[in-house]
Every structure is written in C-alpha cells, then in structure tokens.
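need coordinates for the below:
(one chain, ligands or ions: 1)
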Amino acid sequence: MFYFLLVILSVSVADGWSDNRQRRFKDDFLFGTASASYQVEGAWDADGKSESIWDRYVHSRPKLSPDGDVACDSYHQISRDVQMLRELGVDFYRFSIAWTRVLPSGFPNKIKEKGLQYYHNLVDELLKYNIQPMVTLYHFDLPQSLQDLGGWTNPLSITWFEDYARVIFENFASKVPHFITINQPNTVCVDGYGGDNFAPGINSLGVGDYLCVKHVMLAHAKAYRLYEKEFKTKHQGSVGIAISVNWIEPINNQTENVEAAEVAREFSIGLYVNPIWSKEGDFPALVKERVAAKSKEQGFLTSRLPTFTPEEKDLLKGSSDFLGMNHYTTGLAQPSAAKYPSPSFLDDMSVDFTQSLDWVQGTSPWLKSAPFGLYKSCLYLNKQYGYPTIIITEHGWSTNLGRKDPSRVDNLRAYLTALLFAIEDGTVVKGYTAWSLMDNVEWGAGVSERFGLYEVDFNSQNRHRSPRVSAHVYKRIIEQRVVEDTWRPTSLKMEVSTRRTGKNKSEL
Ligand code: NOJ
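Numbers count the residues shown, from 1 in each chain. Here you go, the predicted structure:
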C-alpha cells in the first residue's frame, strides 16, 4: 500500500504535483542563497593568503584553467554581493571562510588580520541589512601546507580543524548565528582522496577515502562540541554539517535493484548521516560488513573502513543542530556490471547508476531534474533517522551563458513544490538555500557550468553581475511564499526587495 502511494506520488511530482490546493511556505521559513570561498573570492594569493589544495591542483594541471585565481572577485566586491542579496530579499547568505586566508600556515600560530577583516566586513555588511550570515568553515579548500602532512588522512587533522574552528568561533560567534562545519564530506573524501578528479587528487582508492571520512566526521564533531561547550550558552547559535543527499531510486522493482539502491544509500548518505543521527553513533552496519568482508578477501588483516572508539561514538552522536542537505539530482541504481578497481569505494559498493532519458538535463553532465527525488530523500531521512531538523543547504541548476534561464526557473519551481509536499508530510525543514547567488568556479569544470541566479561576465574586469529571470522568480517566491506556475518578470531590471527593509528575522 505504502509503495503504491509512493508511485502515485512520484507520478504526480513528475507532473508538477498538480492538485488544486495552494501550498505555501510559512512566514518563518527562511530563504537564502549560497557561495563558497574558492568559487567566488579570487585574490588567491592576496594579503598573505597561502596556497590551498585547489590552488595547487589547478595550477599544476595545464589542462585546467585557473579561473579560481580571480573567480568572481568577491574579495573586492562585498557591497555588490550584498546588494544582490538585498535585491533578492533573502533571509540569509551562506558563504565559506578560506582557512588559508585566516591561518596561512594552517595553524593558529599566525592569524592574518587582513583575511579576518574581509570576513568581518562581509558579515557586518550583511547584518547592516538584516541578512543572517551562515558560515561554512570548510568548503573543500584545505591549506596545502596541511595536505603536505597528509591532509584529512592524518588523524591530527581532527585537531587542526578544531583549532581553526576555535579561531573562527572566537572571532565570529557574536555575529554569526549559524555555522556549518564541513561541506559534503563525501566529495572531500571519496572524490578528493579516493580519486584524482578533485583536489587534492590523491587516488588512494578504498583506503585514503575511508581514512578521510573517519577524520572529517570526528573533526566535525569536535568543532560542534567546542561550540556547544564554550560558545553556545552565550551566543545561542546553531552548528550543523552539510551532507550531499541526492536520491537513489532502484531502476525498477526487481529485488536486486531495490537492494542495490539501499546499499548505495548507505554508502553515499548513511556513511555520513548515521554517525551523527543514529543511536549507535557509528557507520552503517551494512557498510561496515561489506568493507570488512571485501578487505578480508583482498588480504587485508583489518577492514579498510576504520572504526570509532566508544568515546568517539559518544562525541559523534547528536553532534548537529540541523542536517544540512545538499540536494541536486537522482540516480537509478542496479547491481554493478562494470568491474571497478579493487580495492575501491566503487568496488565495495558495487552499484551502477543511470538517469532517465525523460529527465531534463542541466549543463553539468551529472545533473538531471527529478524533483520527486527531493521528496523521497526527505521521507527517507525521516524514516531512517526520526525526523531530523533539516535545512536545504544547497539546491541548484546549471545552464549556459544567457540571462533567460527557463530550465532553472522550471527546476526551482518543481523542487520547491516537492519540498512543500515533503513539509506537508511531516518533514521538519527550516530553510532553503539556492545554489548559487552568482555564476562561479565550478571546481575542475571552471566557469563553464553556470549555477548562478545572477550571471557573471568573466571577461569584464569587475566581473559584472546581472540578474537572470530565475533571480526575479526566486525573489517573487520569497515575497509571496507560494510557487506560481506562470509568473514572469516584465523587465530584468532588479531593485532592492521591499520585504527586507526593517523586518526582524526569526532564528532557525
Ligand atoms: C555542491 C558543492 O558544495 C558546490 O561547491 C558545487 O558548486 C555544487 N555542488 C554544484 O556542483
């Protein structure tokens, strides 16, 4: 019966959830937009900033273009960036701090005042207009000096991060209500250490990736506990983690495919959610068993997936005030036919993914629109983890150049509608974050994939920003609290939203 209902629901979602009721976002639901330091700041070596793993990665690969050196020049454009947020009328802005700008050695022995000042100026400008800052401490840009010591595969990285977090909390806890410790641990670890297509590109398949996962999760927990112990009583802020929760659906109802989807969810979602939101405070049992069995077959004396001590499990359990959910797309799972290198994360999981030909394609090769996946992801988290408090910390769509972006408008509307249904069905969602405020450096893909509500002219000296149609549509949704099917702006000229002026925003 339940499954039957889900099928009906997924059909209606695919159709645009067409029933006659008008659903609306409550007045205290928060809307925001996001960026990340490497993707927008530029000024890669200005004012004593040191080299990050992304600077090194891009500069040492002639095939990659060094778009991040200047990026959107946000380091010099605070007032324009905040102006755009005022135009949109958002409640909060999620941005990240570059560790290398604040602590060039990676350690707190030398704090760069100029680096700190940039973030103080940005935060102050946001607060001036009543826009809440939501600060990500780590969005992929580790100091290269720490990478030279093994980066996240070194257990000391837990302390390095905790020390860095302390500097950030000491400086910003009085002004910043929401912190995100780490962005997308799966990308940091499985892509960065278990592959070579993402910085630092270590390619330690099935070993370095899991070491990294253990340390990143503990680094998060330590930073959370630090805030809880020393800053929370005074400042009352919240601290969470942003996890990539894309949906995984079986390709059809055959048992083996249903099982493959479940395995893939545990490997790609549970690995990060389970340690914090389960009673055990540990990696999912299924992942532990699989990796242990494979490791044994491969001649390892212990599992390649490291374990947590009882104290570490206690540290992890409940170490988040909200589950930051980055959601973009859906994959269709079946048992793997391909032979993956052994050992490797992909071999351990042994699931292949495809996407439906019926789903609209973004410019990013991995990105297709399947709004029912957001609905199902929410219900899955509710069921597995007892209705955690969720903030959608990223969702977005990539296009080409051009200010008319009907596919982004459709995607935004369809996913926000799916979110309204998920909320109606009990999901506790406090806010939604559109990725991204403006076009920016999409990591190895450079500026070719455009995720912005604002278009950026990367050929102009000041990286001129102009609103797309989707920026107007998002502004209107924030104002009206409903998703309209047909509304379009009559002109692309943007003015500051009247909604923002003098309104007191509630907390998450
Ligand atoms: C998630 C990442 O956090 C962000 O940096 C990236 O630009 C988007 N996905 C789009 O790929």
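
near the ligand, which residues of the stretch 251-400 of the chain are found?
Applying Cβ under 6 Å from any ligand atom, we find that the stretch 251-400 of the chain lies next to the ligand at 326, 394. No exception for glycine: its C-beta is placed from N, CA and C like everyone else's.

helices along the stretch 251-400 of the chain, start to end?
Assigned by DSSP state H, counting those that start in this stretch, the stretch 251-400 of the chain shows helices spanning 255-265, 271-277, 285-297, 310-316, 345-349, 372-385.

reformat the ones you listed as JSON lines; add mean pLDDT and mean neighbour count.
JSON lines is the format used below for the helices of the stretch 251-400 of the chain (pLDDT from 0 to 100; neighbours: other Cβ atoms under 10 Å):
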{"stretch": "helix 255-265", "mean pLDDT": "98", "mean neighbour count": "18"}
{"stretch": "helix 271-277", "mean pLDDT": "99", "mean neighbour count": "24"}
{"stretch": "helix 285-297", "mean pLDDT": "98", "mean neighbour count": "16"}
{"stretch": "helix 310-316", "mean pLDDT": "98", "mean neighbour count": "16"}
{"stretch": "helix 345-349", "mean pLDDT": "98", "mean neighbour count": "23"}
{"stretch": "helix 372-385", "mean pLDDT": "98", "mean neighbour count": "21"}
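
tell me which of those sits nearest to Y164.
Relative to Y164, the nearest member of the helices of the stretch 251-400 of the chain by Cβ to Cβ is helix 310-316, separated by 17.8 Å.

from the chain's centroid, how far away is that closest one?
Relative to the mean C-alpha coordinate of its chain, helix 310-316 is positioned 24 Å out (Cα atoms, centre = their mean, to the nearest Å).

same thing with stretch 29-48?
Stretch 29-48 sits 13 Å away from the centroid of its parent chain (Cα atoms, centre = their mean).

what's the answer for stretch 460-470, then?
Offset of stretch 460-470 from its chain centre (Cα atoms, centre = their mean): 23 Å.

do you know the pLDDT at T389?
Listed pLDDT for T389 reads 98.

ignore the last one, G502
Reported pLDDT for G502: 46.

and what of W366?
98.

tabulate the helices of the stretch 251-400 of the chain (a markdown table), appending distance to Q22.
Formatted as a markdown table, those follow (distance: least, Cβ to Cβ, whole Å):
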| stretch | distance to Q22 |
| --- | --- |
| helix 255-265 | 33 |
| helix 271-277 | 33 |
| helix 285-297 | 41 |
| helix 310-316 | 41 |
| helix 345-349 | 41 |
| helix 372-385 | 18 |
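
ok, which of these comes nearest Y328?
Comparing the helices of the stretch 251-400 of the chain against Y328 with Cβ to Cβ, the closest turns out to be helix 372-385 (8.9 Å).

ok, and what's touching that closest one?
With contact meaning Cβ atoms under 8 Å, 6 or more residues apart in numbering, helix 372-385 is reached by 6, 9-10, 13-14, 245-247, 249, 265, 269-270, 273, 277-278, 323, 325, 327, 329-330, 388, 390, 395, 415, 418-419, 421-422, 425-427, 429.

re earlier: for V239, find the nearest of the helices of the stretch 251-400 of the chain.
Among the helices of the stretch 251-400 of the chain, helix 271-277 comes nearest to V239, with 11.5 Å by Cβ to Cβ.

just the CA trace of the closest one, in PDB.
Taking C-alpha atoms only, helix 271-277 is exported to PDB below (Å, rounded to 0.1, in the frame of the first residue of the first chain):
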ATOM      1  CA  LEU A 271      28.100   6.800   5.900                       C
ATOM      2  CA  TYR A 272      27.800  10.500   6.900                       C
ATOM      3  CA  VAL A 273      24.300  10.700   8.500                       C
ATOM      4  CA  ASN A 274      24.400   7.600  10.600                       C
ATOM      5  CA  PRO A 275      27.400   8.500  12.800                       C
ATOM      6  CA  ILE A 276      25.500  11.700  13.900                       C
ATOM      7  CA  TRP A 277      21.800  10.800  13.700                       C
END
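
can you list the residues of the stretch 1-150 of the chain near the ligand?
Within the stretch 1-150 of the chain, the positions near the ligand by Cβ under 6 Å from any ligand atom are 36, 39.

now with 8 Å, please.
Along the stretch 1-150 of the chain, the residues adjacent to the ligand under the rule Cβ under 8 Å from any ligand atom are 36, 39, 139-140.
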